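Q: Okay, structure incoming, though there's no sequence with it:
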């Protein structure tokens, strides 16, 4: 039997220097959950975020004997592998995260210094590892034995109510809300109040983890959620739930507790357009301090929404946003570029559609395939489409390069100088920006526009005015 691990001094590393833009200032909450789960089993444990540490390798002092490394994204995957290979040889490396679960064999090949890969949720599995149990007895891990990768039995999913809330004292970084690296003057934190999603959109894998395990929607109680929120020092808190509004009565109870306890914070959350059915709830959310709503809209084409089984069409969205707009909150719409069957002109409709319904922000993502997603069968049945090496879904006409060009054009057309100014003024009215911070941002508006794919010609024109 292979001996287990009984670490003493642990360093938890978030290895991404460059982050997925929409999450650029989010703390690595998944890694924090795992660190908290094992903090009582070790002498010392800390979390190092490579986005804020110039030389993360310098944090691996001789006393550190174990490293927990989060590999969540395919984003800069090769660079992350390079970081793992640089970790000092005396340290046992345990890697986990969504991308790690997807790429076990590849990670062991690229990073032979990895000792164990944790597949799926890591809290209970890492506790078992740290107890010193032989590796053969630990569910949910993979390791190399005699040159072969061994995959132990998968671990059953845990309840969201069985997971300890993250211990923020383990951080070595103070997180602040930013736009393209520009500080908004607000301390920031994130809270998970539920896991999973009750809907069945074809492109989505929120209900499945990379092991194919089905997760039904499960939520913490409003009281438990607000106890965590109330204890935070942050000015701005993001609920990282896949679908915060899945139970709107629960949302109302959370708002009631925020108001009753006099909690003065600002909030962001992901919702479906169904929230428009409860205009009084939207007003209560605003009163409770909700400032930003993130809504999955995916496409400006009815045929695509039907194919994806979104449960609504564009006219439904238009009617819903008449209600949502009255709340006065900032609203971000998620869209997918490269939906199967859409041509360039249809993708380019995203910008005018987003402007028409009153979105403040748009987030554009290329269509991707993930393990156990039904998209694989759809791609195989659609002539000319294929899954790329990066798991992106492309066609003979629209490869990665072509979709990137379209994505940039949509951004350029949506984020006009006038629209950016409107966002800043709205943020000022909502209290998200102070007047002083607004004036600072106004100085950087040309920079913001350029970083969101505005053309150099537009920038030069602005500077001349």
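A: Everything's here; your move. Worth saying up front: this structure is predicted, and the values here are computed from it rather than measured.
Q: going forward, measure contacts between C-alpha atoms and count neighbours the same way
A: OK.
Q: who touches the helix or strand where residue 237 lies?
A: Following DSSP states H and E, one finds residue 237 within strand 236-239. For strand 236-239, contacts defined as C-alpha atoms under 8 Å, 6 or more residues apart in numbering pick out 177, 186-193, 229, 265-270.
Q: Tell me, what's the model's pLDDT at the residue nearest to residue 441 when sequence neighbours are not counted?
A: Nearest non-adjacent residue to residue 441, counting by C-alpha to C-alpha, 6 or more residues apart in numbering: residue 182, 7.8 Å away. On pLDDT, residue 182 comes in at 76.
Q: now swap in residue 462 and tell me
A: 43.
Q: how much space between residue 402 and residue 230?
A: Going from residue 402 to residue 230 by C-alpha to C-alpha, to the nearest Å gives 46 Å.
Q: quick revisit: and the residue nearest to residue 441, its phi and psi?
A: phi -90, psi 120 (degrees, to the nearest 10).
Q: Ok, the one 5 residues further on next?
A: Phi and psi for residue 187, reported as degrees, to the nearest 10, are phi -70, psi 150.
Q: Same check on residue 89?
A: phi -70, psi -20.
Q: isn't residue 330 right up against residue 427?
A: Yes - Residue 330 is in contact with residue 427 according to C-alpha atoms under 8 Å; the separation is 7.5 Å.
Q: So which of those two has more stuff around it?
A: residue 330 (22 against 19; other C-alpha atoms under 10 Å).
Q: which non-adjacent residue is nearest that one?
A: residue 292 (4.7 Å).
Q: domain parsing for this protein?
A: When the chain is parsed with automatic domain parsing, its domains come out as 9-160, 175-413, 415-465.
Q: want to throw the ones you listed into CSV with distance to residue 3?
A: Shown next, in CSV, are these (distance: least, C-alpha to C-alpha, whole Å):
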stretch, distance to residue 3
domain 9-160, 5
domain 175-413, 25
domain 415-465, 50
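Q: closest one to residue 169 among those?
A: Proximity to residue 169 (C-alpha to C-alpha) singles out domain 9-160 among the domains of the chain, at 8.6 Å.
Q: Quick one: low-confidence residue ranges for this protein.
A: 1, 21, 180, 200-215, 372, 443-465 (pLDDT under 70).
Q: 50 instead, please
A: Along the chain, the model assigns pLDDT under 50 to residues 452-465.
Q: Roughly how far does residue 145 sit from residue 252?
A: In terms of C-alpha to C-alpha, residue 145 sits 52 Å off from residue 252.
Q: Mind checking which of the two has more residues around it?
A: residue 252 (19 against 9).
Q: For the closest residue to residue 16 other than its chain neighbours, give me its contacts.
A: Leaving aside its chain neighbours, residue 16 sits nearest to residue 50 (5.8 Å; criterion: C-alpha to C-alpha, 6+ apart). Going by C-alpha under 8 Å, 6+ apart, residue 50 touches 13, 14, 15, 16, 17, 56.
Q: where's residue 50 relative to residue 37, distance?
A: 22 Å.
Q: cool, residue 71 as well?
A: Counting by C-alpha to C-alpha, the gap from residue 71 to residue 37 is 18 Å.
Q: the more surrounded of those two?
A: The residue with more neighbours, out of residue 71 and residue 37, is residue 71; 26 against 21, by other C-alpha under 10 Å.
Q: and the more buried one, what does it touch?
A: Residue 71 neighbours (C-alpha under 8 Å, 6+ apart): 14, 15, 80, 95, 96, 97, 98, 99, 100.
Q: residues near the first one, how many?
A: What it means is residue 14. 23.
Q: who does it bridge with?
A: residue 49 (DSSP bridges).
Q: right, and it touches residue 69 too?
A: Yes - here residue 14 reaches residue 69: they are 6.1 Å apart, a contact under C-alpha under 8 Å.
Q: what sits in contact with each of these two?
A: Counting by C-alpha under 8 Å, 6+ apart, the shared contacts of residue 14 and residue 69 are residue 31.
Q: And the contacts of stretch 260-275?
A: By C-alpha under 8 Å, 6+ apart, the residues outside stretch 260-275 that reach it are 230, 234-246, 248, 281-282, 289-296, 317, 320-321, 432.
Q: correction: stretch 175-194
A: 21, 24-27, 29, 160, 174, 217-221, 225, 228-229, 232-244, 433, 437, 441, 448, 451.
Q: Taking those, please make a PyMOL selection of just the buried ones.
A: Restricted to buried positions by 16 or more other C-alpha atoms under 10 Å, the PyMOL selection for those reads:
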select buried, resi 24+25+26+27+29+160+217+218+219+220+225+229+232+234+235+236+237+238+239+240+241+242+243+244+433+441+448
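Q: Which of the contacts of stretch 175-194 fall within strands?
A: Among the contacts of stretch 175-194, DSSP state E puts 218, 219, 236, 237, 238, 239 in strands.
Q: Which two among these are spaced furthest apart?
A: The widest separation within those (C-alpha to C-alpha) is 24.1 Å, between 218 and 236.
Q: Show me what counts as buried in stretch 349-358.
A: Residues 350, 351, 353, 354, 355, 357, 358 are the ones in stretch 349-358 that count as buried (16+ other C-alpha under 10 Å).
Q: Which secondary structure element is home to the residue lying closest to residue 388 once chain neighbours are set aside?
A: Nearest non-adjacent residue to residue 388, counting by C-alpha to C-alpha, 6+ apart: residue 394, 6.8 Å away. Using DSSP H and E, residue 394 falls within strand 393-395.
Q: Could you tell me which strands that strand is paired with, and in which direction each runs?
A: Going by DSSP bridges, the partners of strand 393-395 are strand 385-387 (antiparallel).
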